[in-house]
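Colleague: predicted model and sequence follow; I will ask about them next.
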Amino acid sequence: MNTLVDTPSLVHSLNSASHADHERLEKRIMGAAPFQDRASYSRFLKVQHAFYRDIDALYFDPALATVLPDLAARRRLALIEQDLADLGMARPEPAGNPHFATDIDLPTALGWLYVAEGSNLGAASLLKRGAGIGLSETFGARHLSAAPEGRGLHWRTFTDALDAVALSEPERARVIEAAHAAFARVHDLAEALMPLDRDAAETAATSDA
């Protein structure tokens, strides 16, 4: 008797494969106490700018637009640049070219967008922290604001579309590999631009003990 084994959805596979990456990155970001004051937040904003600059070309890619609804409307770089202006910061000029420019590989792009959209889903708690230093959806933290339809529906629309993309097994593997790479990229940016806050790091270490 043959037993049919259902292949997990791509989003389920991504969630499982990237859980440790997410936990590691969250610990590193919060270890720098980004909402302690505006100076700390400005460093976090530089990380955001560098990452969303890396992926900005994806939001204008015609092939991606055919499989992901409202892709252009999900773009965050312009909002980050408004946040920088709110805080009187010059737009950073990161060294090197963005990660994506031309000849975009669909599975790789999907993996990076999964990480970007997931960060938007979790931004509600960051926005609440930002209120303590005078940030809001209309000042300094615009890029953390929710979509008009709400964060949950915005995320489900994206994940439903992601699961509907017809991919071979090697292509699915490339999506997951790309998600790992995107998490690693943000972690590297945090290492470069957000020095750890000693007190926050010690608190995190104590909570893990």
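Modeller: Looks like it came in fine.

Colleague: quick one: buried residues of the longest helix seen in the chain?
Modeller: The longest helix of the chain (DSSP state H) is helix 169-193. For helix 169-193, a neighbour-count test (16 or more other C-beta atoms under 10 Å) marks 171-172, 174-176, 178-180, 182-183, 185-187, 189-190, 193 as buried. (Glycine included, C-beta is placed from N, CA and C.)

Colleague: run the chain-centre distance for stretch 187-195.
Modeller: 14 Å (C-alpha atoms, centre = their mean, to the nearest Å).

Colleague: I'd like to know the average pLDDT value across that stretch.
Modeller: In this model, stretch 187-195 has an average pLDDT of 96.

Colleague: ok, and what's touching it?
Modeller: Stretch 187-195 is contacted by residues 24-25, 28-29, 32, 34, 43-44, 46-47, 50-51 when judged by C-beta atoms under 8 Å, 6 or more residues apart in numbering.

Colleague: look up how far Leu71 lies from Phe100.
Modeller: From Phe100 over to Leu71 the distance is 13 Å, taken as C-beta to C-beta, to the nearest Å.

Colleague: joint contacts of the two?
Modeller: Leu58.

Colleague: quick check: closest non-adjacent residue to Ile133.
Modeller: Arg38 (5.5 Å; C-beta to C-beta, 6 or more residues apart in numbering).

Colleague: isn't that neighbour right next to Leu87, touching?
Modeller: Yes: counting by C-beta atoms under 8 Å, Arg38 does reach Leu87; the two are 6.4 Å apart.

Colleague: quick check: neighbours shared by those two?
Modeller: Gly140.

Colleague: center of this protein - which residue?
Modeller: By C-alpha atoms, centre = their mean, the mean C-alpha position of the chain lies nearest to Ala116, the distance being 2.8 Å.

Colleague: pretty sure that residue is touching Arg75, no?
Modeller: No: judged on C-beta under 8 Å, Ala116 makes no contact with Arg75 at a distance of 9.7 Å.

Colleague: so how far is Trp155 from the nearest residue to Leu71 once chain neighbours are set aside?
Modeller: The shortest distance from Leu71 to any non-neighbouring residue, by C-beta to C-beta, 6+ apart, is to Ala65 (5.0 Å). Between Ala65 and Trp155 the computed distance is 19 Å (C-beta to C-beta).

Colleague: look at those two and report which has more neighbours.
Modeller: Shown here are Ala65 and Trp155; by other C-beta atoms under 10 Å, Trp155 has more neighbours (17 against 14).

Colleague: ok, Phe51 - contacts?
Modeller: 116, 185-186, 189.

Colleague: so who does the residue nearest to Ile133 touch?
Modeller: Contacts of Arg38 (C-beta under 8 Å, 6+ apart): 87, 133-134, 140.

Colleague: tabulate these (TSV), appending neighbour count, pLDDT and secondary structure.
Modeller: Shown next, in TSV, are the contacts of Arg38 (neighbours: other C-beta atoms under 10 Å; pLDDT from 0 to 100; DSSP: H, G, I helix; E, B strand; the rest coil):
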residue	neighbour count	pLDDT	secondary structure
Leu87	16	97	coil
Ile133	16	98	coil
Gly134	12	98	coil
Gly140	23	98	strand
